[in-house]
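Engineer: sequence and predicted structure are below.
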Amino acid sequence: MLSPQQILQGLKRVKYPGLGRDIVSFGFVRDVEVSSYGVKVVLSPTTRDGRIVEQLREAVANTVKELTGVDRVEVIITPPAPAQHRASAAPASIAGVAHTVAVASGKGGVGKSTVAVHLAYALATQGHRVGLLDADIYGPSIPLMVGTHGSPAVSAERRIIPLEVQGVKTISLGFLIEPGTPVIWRGPMITKVLTQFFHDVAWGDLDVLVLDLPPGTGDAQLTIAQQLALSGGVIVTTPQAMALEDVRRGVAMFRELKAPVLGVIENMSYYICRTCGQRSEPFGHGGGQRMAEELNIPFLGSLPLAAELMQAGESGAPLVLSAPDHPVTQAFQQLARTVWTSLQARKEIAATRIY
Ligand SMILES: Nc1ncnc2c1ncn2[C@@H]1O[C@H](COP(=O)(O)OP(=O)(O)OP(=O)(O)O)[C@@H](O)[C@H]1O
Ligand SMILES: [Mg+2]
């Protein structure tokens, strides 16, 4: 007699009516039991269409009979497990996602999205399985930056399939609305969309999910605080007056989110002359480093003001992919290594902690 596991394998022959995919990989087979009375299969399809349910019941029964030679095959149909009421649940991780890292800043326009995109691609080129979640619902800039405006498909389990852009699984509200549509939703809608992005997107197994946050502290941050156990946060700043206050706010925000600050990155901190190659630092030298020391958080490095980076953002061709040898790419690769090491170190600390 075949084992339940072997029968489950055999049930991969049963395709969902009208679709090329089998019912096992959809997760519709809840249980297989083998006893002296026969074989019992518990199916839990998401559809309410009675005809499809009957087709599935018949196909499963016939397949089990063929596989095992057993005549007594019982197929039980149960409704799918009800979706949990997530808003009131405690912050949790996303199933299958090992680390979630949010890129944030106190002020707008400092380069969060640029850093989030390039960090994601740098991690991906280092062999990690990476996702990118645009948590900036009012001003989603990821579609432009990764050069895609496609619309994600929805699976039979009603999960949103993220767009895979050059190896990085990406989701943004920009993929789901017409380009240029102003988003004038109020807080609860933002929460609803983000909740879907966390739990109803088929992320699969990821090593890191990078979140691009909107500036400051608003509904997106509140939703994360209520729902998502972040692995860490990266703060982006620029070397201008008041930047210290700005970063202090970022640190306070991550404290609210109960997420460790992986460090601060100083963007647009110097300029390299394209003709003479000379480095100029109009805002002085070492400000980011000093600030990090003062706030007792790691300094993750500085990025130059680079026209190529701006063009990369506008043309949808991240520099990490289009110019692998560019010094800015190397800076992002270093940032990705530091972030990854820091995530691993924190995982080990958490694993050895005795409660
Ligand atoms: N180091 C850099 N050199 C040149 N241009 C840059 C650099 N970093 C970011 N930019 C450009 O500055 C603009 C703002 O960057 P970005 O959109 O990444 O900021 P943001 O913090 O995400 O903004 P927002 O708060 O609106 O979400 C973009 O046009 C981007 O291409
Ligand atoms: Mg942004």
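Structural biologist: Ah, there it is. Ligands and ions are numbered 1, 2, ... in the order given.
Engineer: please name the residues that touch Gln9.
Structural biologist: Val24 (C-beta atoms under 8 Å, 6 or more residues apart in numbering). Every C-beta, even on glycine, is put in place using the N, C-alpha and C of the backbone.
Engineer: ok, Gly147 next?
Structural biologist: Contacts of Gly147 (C-beta under 8 Å, 6+ apart): 165, 315-317.
Engineer: measure it to Ala229 for me?
Structural biologist: 31 Å (C-beta to C-beta, to the nearest Å).
Engineer: try Leu211
Structural biologist: According to C-beta to C-beta, Leu211 stands 12 Å off from Ala229.
Engineer: which element is the closest residue to Arg13 other than its chain neighbours on?
Structural biologist: Computed as C-beta to C-beta, 6 or more residues apart in numbering, the closest residue to Arg13 that is not its neighbour in sequence is Thr63, at 5.7 Å. Applying DSSP states H and E as the criterion places Thr63 in helix 50-68.
Engineer: just the buried members of the contacts of Gly147?
Structural biologist: When the contacts of Gly147 are checked for burial by 16 or more other C-beta atoms under 10 Å, the buried set is 165, 316-317.
Engineer: closest to ligand 2 among these?
Structural biologist: Proximity of the buried ones among the contacts of Gly147 to ligand 2 (C-beta to the ion) peaks at Gly316, which lies at 14.8 Å.
Engineer: residue contacts, the closest one?
Structural biologist: So Gly316 contacts 144-148 (C-beta under 8 Å, 6+ apart).
Engineer: mean confidence score for stretch 112-125?
Structural biologist: Average pLDDT, stretch 112-125: 98.
Engineer: contacting residues for the residue nearest to Arg13?
Structural biologist: 10-11, 13-14.
Engineer: and those residues as CSV, adding distance to Ala95 and pLDDT?
Structural biologist: Shown next, in CSV, are these (distance: C-beta to C-beta, whole Å; pLDDT from 0 to 100):
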residue, distance to Ala95, pLDDT
Gly10, 27, 95
Leu11, 23, 94
Arg13, 27, 94
Val14, 25, 93
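Engineer: returning to what we had before: which neighbours do Leu211 and Ala229 have in common?
Structural biologist: Here Leu211 and Ala229 have Thr100 as joint contacts, going by C-beta under 8 Å, 6+ apart.
Engineer: mind checking the SS state of the spatially most central residue of the chain?
Structural biologist: The residue lying closest to the centre of the chain (C-alpha atoms, centre = their mean) is Leu209, at 3.5 Å. Here Leu209 is recorded as strand under DSSP: H, G, I helix; E, B strand; the rest coil.
Engineer: chain center to stretch 256-274, what's the gap?
Structural biologist: 20 Å (C-alpha atoms, centre = their mean, to the nearest Å).
Engineer: which of the residues in that stretch are buried?
Structural biologist: 257, 259-271.
Engineer: so Val146 makes contact with Lys169?
Structural biologist: No. Taking contacts as C-beta atoms under 8 Å, Val146 lies outside contact range of Lys169: 11.1 Å.
Engineer: common neighbours of these two, please.
Structural biologist: Common neighbours of Val146 and Lys169 (criterion: C-beta under 8 Å, 6+ apart): Leu132.
Engineer: would you list every one of the helices in the stretch 201-350 of the chain?
Structural biologist: With DSSP state H, counting those that start in this stretch applied, the stretch 201-350 of the chain shows helices at 219-227, 243-256, 287-295, 307-315, 319-322, 327-352, listed in chain order.
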